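Asker: Sequence first, predicted model second:
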Amino acid sequence: MSSSIVTAGNVDLSNCAREQIQIPGSIQPHGVLIAVSEADRRIMQVSANSMELLGCAPEGLLGKKLDALLGNGLGEAHPRFWEQQVVLKRMEGNPLFLTPMQIGNRWFEGSIHRYGGALLLQLEPHRRAGDEDQTLDVYMSARSVTADLKQARSVGEFSDITARYVREHTGYDRVVIYRFLPDDSGEVVGESKRADLTSWLGLRYPASDIPSQARQLYLQSWVRIIADVNAVPSPMVPALNPETGRPLDMSYCVLRSVSPVHLQYLRNMGSQASMSLSLIDGNRLWGLIACQHEKPRQVSHEARIACEFLAHSVSLQIRSKEDEESLDYSLKLRENVQRMTEFMAGDAEFQDGLLKHRPDVMSLFRAGGAAVVIGSKVIGSKAMAGNLNLRGLTPDANAVNALLEWLKQQPFSQGIFSTQRLSEIHPEAAAYPEKASGLLAIRVEEAELQWLLWFRPELVQMVNWAGDPRKPTDVDEATGLLTLSPRRSFELWQEEKRGVSEPWLAEELRVAGELRQAVVEVALRRARKLKRDNENLTRSNDELESFAYAASHDLKEPLRGIQTYLDMLSQTLNVRLTDRETQAMAMVMRLARRMDELIDSLLDYSRVGRLDLESEEIDGSELVSEALQMLKHQLQSQGVEVRVPRPLPCLTGDRVRLREVLQNLITNAVKYNDKANKWVEIGYREGPPLALYVRDNGIGIEERHHAAVFRIFNRLHGRDAFGGGTGVGLTIVQKVIERHGGRIWLESKPDEGSTFCFTLGDQV
């Protein structure tokens, strides 16, 4: 870290995250870094330790051609090296390892790469065969571990094999596989260590331990080595690149010096040396192979190359190993989506395909509760409040409706929204963490089914951290300033996490997207079929109404003739008819009149569908007064009490037809009433949508007959009971209401009266 002293006002982890670790201005002293101009191969910068390692002071090298330094090394050993390897090779951030070379009396191993407008040559003393810790046959070992990795069946087993082989290749005291979590914290998922060391397996490390700019460098450069945490860095001479005027960018330099904060961090861990290898899945930094040693340690080029090769191999297999673990679950999810799609396509009611079969919406994911939202209603099997229903363990209906309103304002990615910390972004959810700390929501704007929701309860868990994850600050007693320092303790530190659910897996989100697409496709197919059916039904209804009108109109003429001739015959034969014949004649007359009434009713019904409605603004109270005035004589003669609890609101519709609806309903309320004190109440219920009602204290109707009362020519009582009738009145009422875009329904029980309720479209 460039500066570790900060004031009390600006102590935060972003101080550490802003450090420019790629331009430290110095290197680790066990090697030499030389910056060369590609145009003329002249040395522009060199590390200050060149005298100790190369026998040449920086002043004697600057401005000289690289060939003068390498002499019998690079120049003569590889006469066409520069043209064939340096000029033509793609080395932009891709170090090219060189064969060992002799400079003076010493042998060096090196690498060269192009970056930031310069060629960067790194040289380190070469450890000859026979050295005590020389790694033997690393390439054969790398091939062996690759074969073993293919046989691993889980990420844990995969990680342990990787850690074991890296430790065998490098000789470090401890090698761990460190996986990044979605919040950038990390967890040790594999380990190989010296027998006497305490295990770190399963420990968590906060995101601040590896700040963002360090993670970015791990994505660029696969290998990071620290040979000795106590070594004094060797600065670059000069400090700035003469051609660019800027510090040398060492993003791909393995010799790059290290932040003082990170060096102290390693000391606090008891490590004197370390090596890190990146594990990259696509463009994502999946994790690290992290090596630690209690003493200073350097690793040969051969071992590094083998470990880097292994890191690449492991990276290529990470996705497949994770997929293997989730394959069974994934197959089950997709099978369930397929079956639910078939149910949705086949069931009469769209939502039945999600709720009335197995698998259902509840069993699709590992969730505590679920909801299917059709329009403004929550549909399910567990009744909550009014028309709102939910399934499983969920917030109550009011909370779900509030959640839906909040969700409308949230960003959705391809119709999907998910979180495992709902209360952090929707504070109202803090009231029900045991029901919905996690939420997965599908928004479907193309279908009547608008929302699918899954809830996951709070998962109270103990997280094992490697020490307290909060970075401490020290107070300088002399200055009062706060010093941001690395964590000192790495002992087990446990934290209880609340308000967090089990995370939603990437596979679950993918399957949620597939379910959403299936819902859209089924909805579109059903919409197209419904449109065709409606067109056919409209055409059939038009034809039926035309036929009914024509047939009933044409029947009136012969029926009038029959009635006329019956009257004439009755008058002519009256004195000569027996009592039985007189009764038969009277029966024929009654049947003719009955037929006439039925034809008139049929004409009225067909006329309702053919007449144009004249829509206007109507004062609801005035409409009721008009209907009551038309029925004044009937109501007074039967002593009916009329109740209107409060003024009715304004309505929009055809005044004449709506007045007929009220007259018909009030007439029925009086007609089917056997009480000594009859009453009728006319009122409304708040919306949306607003619903008018006509209530009575009459005979009532059994629930099994509620739908039948609206069928044409259907009567629940004898033909002459309760004053008779044709059974068409309520059918016409229903037709008028439906033409206004509304619906009518009945609420009634025997001997408890009846309430007919109706809406007029979306009026509120």
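Answerer: Nice, thanks for sending it over.

Asker: Let me know the average pLDDT across whichever helix or strand residue 509 is part of.
Answerer: Secondary structure from DSSP states H and E places residue 509 in helix 506-573. When pLDDT is averaged along helix 506-573, the result is 75.

Asker: Could you do stretch 253-272 as well?
Answerer: Taken as a whole, stretch 253-272 carries a mean pLDDT of 87.

Asker: What spatial separation is found between the closest residue in space to residue 40 that isn't next to it in sequence and residue 48?
Answerer: Spatial nearest neighbour of residue 40, chain neighbours left out: residue 65 (7.3 Å); criterion: C-beta to C-beta, 6 or more residues apart in numbering. (C-beta placed from N, C-alpha, C; glycine too.) Going from residue 65 to residue 48 by C-beta to C-beta, to the nearest Å gives 21 Å.

Asker: same thing with residue 753?
Answerer: 102 Å.

Asker: Ok, residue 747 next?
Answerer: Taking C-beta to C-beta, one finds residue 747 at 94 Å from residue 48.

Asker: And for residue 643?
Answerer: Distance from residue 643 to residue 48, counting by C-beta to C-beta: 102 Å.

Asker: hmm, back to that, between residue 753 and residue 48, point out the one with more neighbours.
Answerer: Shown here are residue 753 and residue 48; by other C-beta atoms under 10 Å, residue 753 has more neighbours (22 against 17).

Asker: Can you show me the helices along the stretch 551-700 of the chain?
Answerer: For the stretch 551-700 of the chain, the helices defined by DSSP state H, counting those that start in this stretch occupy 579-610, 620-630, 632-637, 655-671.

Asker: relative to helix 620-630, how tilted is the last one?
Answerer: Okay, so that is helix 655-671. Here helix 655-671 points in a direction 60 degrees away from that of helix 620-630 (axes from the mean of the first three to the mean of the last three C-alpha atoms, to 10 degrees).

Asker: Which elements pack onto helix 655-671?
Answerer: Counting contacts by 3 or more C-beta pairs under 8 Å, 6 or more residues apart in numbering; DSSP states H and E, helix 655-671 packs against strand 615-619, helix 620-630, helix 632-637, strand 679-685, strand 691-696, helix 729-739, strand 754-759.

Asker: what about the stretch 651-764 of the chain, any weak spots by pLDDT?
Answerer: The stretch 651-764 of the chain contains residues with pLDDT under 70 at 713-727, 764.

Asker: any idea how far residue 732 is from residue 682?
Answerer: Distance from residue 682 to residue 732, by C-beta to C-beta: 19 Å.

Asker: wait, I meant residue 415
Answerer: Counting by C-beta to C-beta - residue 415 and residue 732 are separated by 44 Å.

Asker: Which residues are in contact with the nearest residue to residue 672 once chain neighbours are set aside?
Answerer: Distances taken as C-beta to C-beta, 6+ apart place residue 698 nearest to residue 672, at 4.8 Å, with adjacent residues excluded. By C-beta atoms under 8 Å, 6 or more residues apart in numbering, the residues touching residue 698 are 669, 672, 673, 674, 675, 678, 753, 754.

Asker: so the second one sits right up against residue 680, yeah?
Answerer: No. Using C-beta atoms under 8 Å, residue 672 is not in contact with residue 680; the gap is 11.3 Å.

Asker: quick one: what helix or strand has residue 122 in it?
Answerer: Per DSSP H and E, residue 122 falls inside strand 118-125.

Asker: just checking, what packs against that strand?
Answerer: Packing contacts for strand 118-125, counted by 3+ C-beta pairs under 8 Å, 6+ apart, involve strand 32-36, helix 50-54, strand 106-115.

Asker: For the helix or strand just after the first one, which strands pair with it and how are they oriented?
Answerer: Towards the C-terminus, the helix or strand next in line after strand 32-36, according to DSSP H and E, is strand 43-47. Each strand that pairs with strand 43-47, with its direction, by DSSP bridges: strand 32-36 (antiparallel), strand 234-237 (antiparallel).

Asker: can you give me the angle strand 43-47 makes with strand 118-125?
Answerer: Angle, strand 43-47 to strand 118-125, by the same axes, to 10 degrees: 40 degrees.
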